[in-house]
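**Q** Generate coordinates for the sequence data below:
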Amino acid sequence: MKLLILNALAHFLTDAVCAAALFGPVAASGGDPALALVIYNTVAFTLQCVAGLLTDSLRRHERLAALGLALCAIAALLPMPGYAAAAVLGLGNCVFHVAGGTVTLKGCSNAGPLGVFVAPGAVGLALGTLMPELRLWLCAAALLAAAAMWLSA
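**A** Numbers count the residues shown, from 1 in each chain. As a prediction, this is how the structure comes out:
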């Protein structure tokens, strides 16, 4: 149960950090914000099938989920060009969702835990989109959560 709560919090933070970065510094970087969103979504969602195939060879996915979350936070903090930041955010998001989802699936026998894992992502997405100025706080919380996930693995 403790791992499920931590993964649900990490899902909230992953999506919140990505949205805050995309609607904050990435959108303000001078490029086309719509293209940045296309790049982000293409990397985040198209690569999930490849990431899933690659991670199937791992026995433990907890640390990979932590790395995905940490990559999102680092990408949201570093001063990168907008399109590059969108791509790195998408990669971190992809890795987190594949690994975090796998951890959740391995630990459940019914659909309840999946709902607990998935639902906070929507709240994080809304928060990051509506309040991108919280990006630094969200990144700090994300790095703490990633450290907790890494240590609990």
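**Q** from here on, contacts and neighbour counts on C-alpha atoms
**A** Noted.
**Q** Any chance you could list what contacts the one helix or strand residue 129 maps to?
**A** Assigned by DSSP states H and E, residue 129 falls within helix 112-130. Here helix 112-130 makes contact (CA atoms under 8 Å, 6 or more residues apart in numbering) with 4-5, 7-9, 11-21, 23, 101, 104-105, 108, 134-135.
**Q** what do you get for stretch 133-152?
**A** Under the criterion CA under 8 Å, 6+ apart, residues 6-7, 9-10, 13-14, 16-17, 20-21, 24, 62-63, 65-67, 69-70, 73-74, 76-77, 128 lie in contact with stretch 133-152.
**Q** Just the buried residues of those residues.
**A** Among the contacts of stretch 133-152, the ones that count as buried by 16 or more other CA atoms under 10 Å are 6-7, 9-10, 13-14, 16-17, 20-21, 24, 62-63, 65-67, 69-70, 73-74, 76-77, 128.
**Q** Take those residues and keep only those in helices.
**A** 6-7, 9-10, 13-14, 16-17, 20-21, 62-63, 65-67, 69-70, 73-74, 76-77, 128 (DSSP state H).
**Q** Tell me the confidence at residue 18?
**A** Reading off the confidence values, residue 18 has pLDDT 98.
**Q** how near is it to residue 108?
**A** With the distance defined as CA to CA, to the nearest Å, residue 18 ends up 27 Å from residue 108.
**Q** Settle it for me: which of these two has more neighbours?
**A** Legend: neighbour count by other CA atoms under 10 Å for residue 18 and residue 108, higher for residue 18 (33 against 13).
**Q** my guess is the more buried one meets residue 74, correct?
**A** No. Counting by CA atoms under 8 Å, residue 18 sits too far from residue 74 to count as a contact (10.5 Å).
**Q** Please name the residues that touch the nearest residue to residue 31 once chain neighbours are set aside.
**A** Of all residues not flanking residue 31 in the chain, residue 82 sits nearest, at 6.7 Å (CA to CA, 6 or more residues apart in numbering). Contacts for residue 82 (CA under 8 Å, 6+ apart) come out as 25, 26, 27, 29, 30, 31, 36.
**Q** and the closest residue to the fifth one other than its chain neighbours, what pLDDT?
**A** Just to be clear, that refers to residue 30. Distances taken as CA to CA, 6+ apart place residue 82 nearest to residue 30, at 7.7 Å, with adjacent residues excluded. pLDDT recorded at residue 82 is 94.
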